[in-house]
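In: sequence? don't have it. structure:
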């Protein structure tokens, strides 16, 4: 954002305040800058936010949860601003309720009530009265006629090459198959508990069941060796590629595959939740412009938005996440302005 403001608006860098740390934010004096570039996490550090003329919120679906601290801090600033622009490719990742806080921000004077919105557009369930969806056609028409400007890639990027998706099934060795059988057993037991809880109406037991998350983590570990072999095959092509994962163990294993020894080590970058914000632009620049940097190892959550990595046209998912919208966002690190080739997306799966 800092570079774009300078390049497109001709604003001198001294007029732009970029907050990288909490300490930077605390030192921010409102009105001493023309532009403030800040992440959601540091908004609460600004003691006097004043009234902004314009607030642009990038990846605004990050404010989907009205109970989250970032949303509670951001909404008063947005509602007070003279102009608000929310930017997102996926305003609702899963269900209509995720749009409510964003609507509240851009239509502050409408005094929207969650109860009314939920009754009209959420199906509801025994666990969450705002779950599910209904009247979607009406909701779309309402948004489109009032606050939403929707631009599809096919409308604005007519020359953008297409995206192809494929599932790649990996084989496991004997040890992996044994682990997988154990996981399946755990899942069957968990399912039995779930069904029993549903039948008896004990919803608390469902919420507290951590087996699913534990199994999810172990599926990443089971796939490690097979994923490393697949990465080895990709490295031999010499072509650049992005590879996404969720669990640290799998990201570490991919890094090991790229770092097989000083003589044959492959150039790569890695961006996950522990990567400092200041370093990300340099890492992206390295991947985009350095011919020897072949691989970008990326966390689906931490690197799935905001990055342009069009030097690669191959995208690989070493594992999946619960939310399809996260995967689409991650794919589009390569499938965006500047991409010259068809983007091939591979999902590495193991049967059962």
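Out: Alright, I've got the coordinates. Remember, predicted model here, so these are calculated numbers, not experimental data.

In: which residues in the protein form strands?
Out: Here the chain has its strands, by DSSP state E, at 16-18, 35-37, 54-58, 83-87, 163-169, 241-245, 267-271, 293-299, 314-317, 343-349.

In: tell me which of the ones you listed is the most buried.
Out: Of all the strands of the chain, strand 241-245 carries the top mean neighbour count, a mean of 26, counting by mean count of other Cβ atoms under 10 Å. For glycine as for every other residue, the C-beta is placed from the backbone atoms N, C-alpha and C.

In: residues making contact with it?
Out: Residues outside strand 241-245 that contact it (Cβ atoms under 8 Å, 6 or more residues apart in numbering) are 220, 231, 234, 251, 254, 294-300, 303-304, 309, 312, 314-319, 330, 333-334.

In: ditto for stretch 57-72
Out: The set of residues external to stretch 57-72 that reach it, using Cβ under 8 Å, 6+ apart, is 1, 40-41, 43-44, 74-75, 78, 84-88, 90-93, 97-102, 105, 114, 305-306, 325.

In: helices of the stretch 51-200 of the chain, residue ranges please.
Out: Taking DSSP state H, counting those that start in this stretch to define them, one finds helices in the stretch 51-200 of the chain at 69-80, 100-106, 114-121, 136-146, 153-156, 174-200.

In: can you flag the weakest of those helices by average pLDDT?
Out: Of all these, mean pLDDT reaches its minimum on helix 153-156 (a mean of 70).

In: as a quick check, tell me the outermost residue of this protein.
Out: Ranked by distance from the centre of the chain (Cα atoms, centre = their mean), the top residue is residue 200, with 36.6 Å.

In: ok, residue 147 to residue 26 distance?
Out: 34 Å (Cβ to Cβ, to the nearest Å).

In: more neighbours: which of these two?
Out: A count of neighbours by other Cβ atoms under 10 Å puts residue 147 above the other of residue 147 and residue 26, at 15 against 12.

In: please look at the more buried one and residue 107 and confirm they touch.
Out: Yes: counting by Cβ atoms under 8 Å, residue 147 touches residue 107, with 5.9 Å between them.

In: count of residues packed around residue 334?
Out: Using other Cβ under 10 Å: residue 334 sits among 26 other residues.

In: typo on my end, it should be residue 319
Out: Using other Cβ under 10 Å, residue 319 has 20 other residues around it.

In: pull the contacting residues for it.
Out: 219-220, 223, 245-247, 250, 348.

In: switch the cut-off to 10 Å
Out: 216, 219-220, 223, 227, 244-247, 250-251, 300, 347-350 (Cβ atoms under 10 Å, 6 or more residues apart in numbering).

In: end-to-end on stretch 26-39?
Out: Chord length of stretch 26-39, first to last residue, is 13 Å (Cα to Cα, to the nearest Å).

In: for it, the averaged confidence score.
Out: 80.

In: touching it from outside, list them.
Out: 1-2, 4-6, 9, 11-12, 14-21, 24-25, 42, 45-56, 58, 62, 70, 277.
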